[in-house]
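K.L.:
okay, predicted coordinates and the sequence, questions at the end:
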Amino acid sequence: MSYSTLAVLGNPLFPPKSKSKSSPDRKEIISLLQRCKHMNQVQSLHAKIIRKGQEHDPFVVFELIRVCSNFNSIDHASKIFQHAQNPNVYLYTALIDGFVLSGSYVDAIRLFCEMVYESVIPDAYAITSVLKACGSQLAFQEGKQVHGQALKLGLSSNRLIRMKLMELYGKCGEFEDAQQVYAEMPEGDVVASTIMITCYLDYKFINEAIGVFNRVLVRDTVCWTAMIDGFVRNGEFNRALELFREMQEDDVRPNEVTIVCVLSACSQLGALELGRWLHFYIEKYGIKLNHVVGGALISMYSRCGDIDEVQRVFDGMKERDVTTYNSMISGLAMHGKSIEAIEMFRGMMKQGIGPNNITFIGVLNACSHGGLVELGYEIYHSMTRDYGIEPQIEHYGCMVDLLGRVGRLEEAYNFIREMKIAPDHIIFGALLSACKMHGNTEIGESVAKILVDGGCADSSTYILLSNVYALSGRWKEAAQVRAKMEESGMLKEPGCSSIEVNNEIHEFLLGDIRHPQREVIYKKLKELNRVLKLEGYLPSTEMVLHDMEDEQKEWALAIHSERLALSYGLISTTPHTTLRIVKNLRVCSDCHSMIKLVSKITRRKIVVRDRNRFHHFENGACSCGDYW
DNA sequence: CGAGTGACGT
C-alpha cells in the first residue's frame, strides 16, 4: 500500500480536509505572535484569536502565554492561563517559566503544586522550570521533593534536570547534594563544572571552585568568565586579572561578558592602563558596545579617574538606557562635577528615559558634593511627586549627608526624626561625620550615644566620635573612646593605597615596609618633606587621635599609605606623568594639602580616588575646592 | 545548557 493511499483512507496523521482548516490558521497566528515587537501587537492578536474562536486551541494559548511572559506581562499571561479549560502540561510549564522570568518564584512553585494536584503529570521541561524556581528562591525542601518526583517519573538522568538540581543544591549551599549529582555527570563536563564553580564562588569557597576549574577538560569562554567573575565578586581583583591573562595564553577568546567582568576588576583596582587596553580590544574585535559593555566602560573610566574619556564613550554609544545615564550621573558626581551631573539628569529626561531609584541616589549625591542644598531639596521632593518613587534609606542618607556637609546639622537631625523609615547606623554615621567636619561636639555626642546604645556602633563610629573630641581639644575623652574601642576588640580598618605603574598595581599599607624599593621610597619621602617645609608646609596635627608630642604627630602623619604610593609613583615614572592613586579610606586633610603642594612643586597632575570621590590635584589646587 | 552594569555613609 502506498503512502498516498493511506492518506486517502483517513490516516489520523492526515485528518479530513474539513477539520484541517484551522491548521494553517494556527500556524499563521503562531508565527504572527512570535514576530510581535510590542505588547500592544500581542493584545490586538489576542482579540483576533478570540474572534476566530481559537482561544481554546492549546497550541495558540501556549504561544500567547510565552509571548506575554517574554514581554514582562506576567499578569496578562496569568489571565490567559486562567481562561484555559483543562490546561495541559505545556500550558502549566509556559506559565511557570513566565513566573520564573518575572522573579515570582513562589508563584512558580505554587503553580507546579497545583498542576500535580490536578493530576497533570509533569514532564522534563516542567521539572526543569520548577527546579529553576526552587533554586532562585533557595527553596531547598521543595526542591528536594521535586527531585524525588523526578526520580519516581524516571527523569532523574535527564541532563538538563541534573544541571538544575546541581544549581538548586549549590545555590542553597548544600554542596554534598550538589557534588552527588555532579559526580553522575561526565567527568570534566564544562557546563556542569561551570555551575559548580559559580555556586562555590557564591559561598566564597574559592579553593573548591579552583579545584573544579582545574579538572575541566576543555575550558570555554563561559567557564573562564565564571571563574574570573567569581574572583572579582570575592574581591580578588589581581587574581582575576592574572586569570584573564592565562585565558589569553590558552587562546580562548573573551566575549563581551568576559570584558565586562575584567572591566569591573579594573574599576575597583583603578587599573587604568589595562582598562584602556580592554577598550582598545573592544574596538579591535568589534565587540558590540551594548548598554552593559558601555556602562562597564563608563564606570571603569570614571572609577579610574579619566573623566574626559567617560564623556567620549557616552557620546559614542548607540544604545543608552537608564543604567547608562545612572553610570554617567554617579561618575560625574564622584568627580565633583555636580552641575554636569544635573545636566545629564535633565538630558536623560529630554530623551524620554525615566529615572529610577538609583538615578536619584546619583543626583542627590551630586548635590551633596556640590553643596547644592536647595536644588537637592527640590529634586528630593520631585522624586515622589513627579516620578512616584518613594525614598529609600539611601535617599534619606544622601539628604542627611547634603545637609550635614553644609553645616545645617540641626536641620539634618530634624530630617532624621521626620523620616518615614527607621534610621539605621549609616544615617547616623553620615550625621556624625558631618559633626566632625564642623566641630560640633554636642550633636556629635548625642548621635554617637544613639549608635552605641543601639549596639550598632562599629569601629568607624568610635573613630569618628574620638575625632570629634580630638578636634575640640578634649583629649581625655578622645583617649577614653579609643580605649573603649580597643577593649571591645574592634580594629580600625588599615589604610591602604595603590598605584598602577607599568600595568602593575603596587599596594601600600600604612607605614608599609614590604615593597622591594622601600629604601628609595622613604628617601624620596624625606626629601619631599624637606622641600615642602621650605615651601611653608606646616603639618596640621588636629586629626591625630593621641595627644602626642608634636614631632611624633608629624611622623605618624608622614607615613599615611597615600604618601608611600605617591612617593613610589614619583620615582618610578617619567616627569609630568599623571599619577593615579586609589585609597580605601578617605584622604585626611593633611595629606590633602600635602598632595596639593606636591602637584605644584613637581608640576604633575595627581588623581586620588578616595573612599567616596575623586580629587584631581593640579598646580597646587584640588578639584574638590577643599570641600569633601 | 553555564558567565555580566548601575548603588548613600564609614
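P.N.:
Here it is on my side, so go on.

K.L.:
now the closest residue to DNA strand B within the stretch 451-600 of chain A: closest residue in space that isn't a chain neighbour?
P.N.:
In the stretch 451-600 of chain A, the residue that lies nearest DNA strand B is residue A:460 (3.6 Å; Cβ to the nearest atom of the strand). In this view, the C-beta of every residue, glycine as well, is placed from N, C-alpha and C. Among residues not flanking residue A:460 along the chain, residue A:429 sits closest, at 6.7 Å (Cβ to Cβ, 6 or more residues apart in numbering).

K.L.:
can you check residue A:94 too?
P.N.:
residue A:65 (4.2 Å).

K.L.:
now swap in residue A:478 and tell me
P.N.:
residue A:469 (3.9 Å).

K.L.:
surely the one you found meets residue A:441?
P.N.:
Yes - contact criterion Cβ atoms under 8 Å: residue A:469 and residue A:441 qualify, at 6.9 Å.

K.L.:
who has more neighbours out of these two?
P.N.:
Set residue A:469 next to residue A:441 and count neighbours by other Cβ atoms under 10 Å: residue A:469 wins out with 24 against 17.

K.L.:
phi, psi of that one?
P.N.:
Taking degrees, to the nearest 10, you get phi -70, psi -50 for the backbone angles of residue A:469.

K.L.:
could you check the pLDDT of it?
P.N.:
As predicted, residue A:469 sits at a pLDDT of 77.

K.L.:
which residues touch it?
P.N.:
By Cβ atoms under 8 Å, 6 or more residues apart in numbering, the residues touching residue A:469 are A:441, A:475, A:477, A:478, A:481.

K.L.:
count of residues packed around residue A:118?
P.N.:
Residue A:118 has 10 nearby residues by other Cβ under 10 Å.

K.L.:
same deal with the one 5 residues further on?
P.N.:
Summarising burial for residue A:123: neighbours were counted as other Cβ under 10 Å, giving 15.

K.L.:
surely it touches residue A:96?
P.N.:
No - between residue A:123 and residue A:96 there is no contact under Cβ under 8 Å: 11.8 Å.

K.L.:
closest to residue A:83 out of the contacts of residue A:469?
P.N.:
For the contacts of residue A:469, the minimum distance to residue A:83 (Cβ to Cβ) is 67.2 Å, reached by residue A:481.

K.L.:
so that closest one: helix, strand or coil?
P.N.:
Put simply, residue A:481 is helix when judged by DSSP: H, G, I helix; E, B strand; the rest coil.

K.L.:
once you drop chain neighbours, what's closest to it?
P.N.:
Nearest in space to residue A:481, with sequence neighbours left out and distances taken as Cβ to Cβ, 6+ apart, is residue A:466 at 4.2 Å.

K.L.:
does that neighbour touch residue A:478 like I think?
P.N.:
Yes - using Cβ under 8 Å, residue A:466 is in contact with residue A:478, at 4.6 Å.

K.L.:
roughly how far does the residue nearest to residue A:365 when sequence neighbours are not counted sit from residue A:357?
P.N.:
Nearest non-adjacent residue to residue A:365, counting by Cβ to Cβ, 6+ apart: residue A:333, 4.6 Å away. With the distance defined as Cβ to Cβ, to the nearest Å, residue A:333 ends up 15 Å from residue A:357.

K.L.:
neighbour-wise, which of the two wins?
P.N.:
Shown here are residue A:333 and residue A:357; by other Cβ under 10 Å, residue A:333 has more neighbours (28 against 15).

K.L.:
what helix or strand does that one sit in?
P.N.:
Here residue A:333, judged by DSSP states H and E, is contained in helix A:322-334.

K.L.:
for burial, what's the neighbour tally of residue A:282?
P.N.:
Residues near residue A:282, counting by other Cβ under 10 Å: 21.

K.L.:
could you pull up the residues touching it?
P.N.:
Applying Cβ under 8 Å, 6+ apart, the residues near residue A:282 are A:256, A:259, A:289, A:293, A:297.

K.L.:
switch the cut-off to 10 Å
P.N.:
A:254, A:256, A:259, A:263, A:288, A:289, A:293, A:294, A:296, A:297, A:313 (Cβ atoms under 10 Å, 6 or more residues apart in numbering).

K.L.:
in helices only, show me those residues.
P.N.:
Within the contacts of residue A:282, residues falling in helices by DSSP state H are A:256, A:259, A:263, A:293, A:294, A:296, A:297, A:313.

K.L.:
quick check: nearest residue in space to residue A:621, chain neighbours excluded?
P.N.:
Spatial nearest neighbour of residue A:621, excluding adjacent residues (Cβ to Cβ, 6+ apart): residue A:596 at 6.4 Å.

K.L.:
near DNA strand B, which residues of the stretch 251-400 of chain A are found?
P.N.:
Listed as neighbours of DNA strand B in the stretch 251-400 of chain A under the rule Cβ under 7 Å from any atom of the strand: A:255-258, A:260-261, A:264, A:267, A:290-293, A:295-296, A:299, A:322-324, A:326-327, A:330-331, A:356, A:358, A:361-362, A:365, A:368, A:393-394, A:397-398.

K.L.:
ok, the nearest residue to residue A:559 once chain neighbours are set aside to residue A:589 distance?
P.N.:
Excluding its sequence neighbours, the residue lying closest to residue A:559 (Cβ to Cβ, 6+ apart) is residue A:511, at 4.1 Å. Separation of residue A:511 from residue A:589 (Cβ to Cβ) stands at 19 Å.
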